[in-house]
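Visitor: pasted the sequence and its predicted model underneath.
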Amino acid sequence: MPKRNEHRRNPEDVEITRFELLRIFDGDAAAVELFERNYFCGTCDTPNRRLVNYRVMVTKLNDIALQGTCNGCHTIAARYIETGEDPEKVKRIWAVLRERKKV
Ligand SMILES: [Zn+2]
């Protein structure tokens, strides 16, 4: 099956910034970087590849999807993070989303 060349967009997802993503991870840049390095590509297994130019989407389940490009093969790749299972992260997600609405 050929790989799609565009990410699926769910209209219910909310896009946030990488800065807000860092906030959800309580400033843990190493954790965020780990997600940028460990993702499903489906096309290549290039060593030291990275997820680049990605959008950060918060799903209805309070999970996070990083939707970007694999810099190993330049096709789309994504990383799903199940933050919805972590009450501390969910609290921070809500705080981020609340502040967005004020702007
Ligand atoms: Zn790749």
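Guide: Received the coordinates, thanks. Residues are numbered from 1 along each chain as shown.
Visitor: CA atoms for contacts and neighbours, from now on please.
Guide: Will do.
Visitor: just give the nearest non-adjacent residue to residue 5, would you?
Guide: residue 76 (6.1 Å; Cα to Cα, 6 or more residues apart in numbering).
Visitor: that neighbour: how many residues sit nearby?
Guide: Using other Cα atoms under 10 Å, residue 76 has 23 neighbouring residues.
Visitor: isn't it right up against residue 68?
Guide: Yes. Using Cα atoms under 8 Å, residue 76 is in contact with residue 68, at 5.8 Å.
Visitor: in the chain, where is pLDDT below threshold?
Guide: 1-2, 103 (pLDDT under 70).
Visitor: switch the cut-off to 90
Guide: Within the chain, the stretches with pLDDT under 90 are 1-5, 8-9, 40, 42, 100-103.
Visitor: so for it, the centremost residue is which one?
Guide: The centroid of the chain falls nearest to residue 66 when counting by Cα atoms, centre = their mean (2.2 Å).
Visitor: three-state assignment of that residue?
Guide: strand (DSSP: H, G, I helix; E, B strand; the rest coil).
Visitor: and it, bridged to which residues?
Guide: residue 56, residue 79 (DSSP bridges).
Visitor: picking that back up, can you pull the contacts of the residue nearest to residue 5?
Guide: By Cα atoms under 8 Å, 6 or more residues apart in numbering, the residues touching residue 76 are 4-7, 41, 67-70.
Visitor: can we see that at 10 Å?
Guide: Residue 76 makes contacts with 3-7, 40-43, 51-54, 67-70, as judged by Cα atoms under 10 Å, 6 or more residues apart in numbering.
Visitor: tell me the spacing between the residue nearest to the centre of the chain and residue 42.
Guide: 15 Å (Cα to Cα, to the nearest Å).
Visitor: kindly report the residues of the protein close to the ion.
Guide: Counting by Cα under 5 Å from the ion, the chain comes close to the ion at 41, 44, 70, 72-73.
Visitor: the residue nearest to the centre of the chain touches residue 50, doesn't it?
Guide: No. When contacts are counted by Cα atoms under 10 Å, residue 66 is not listed as touching residue 50 (11.8 Å).
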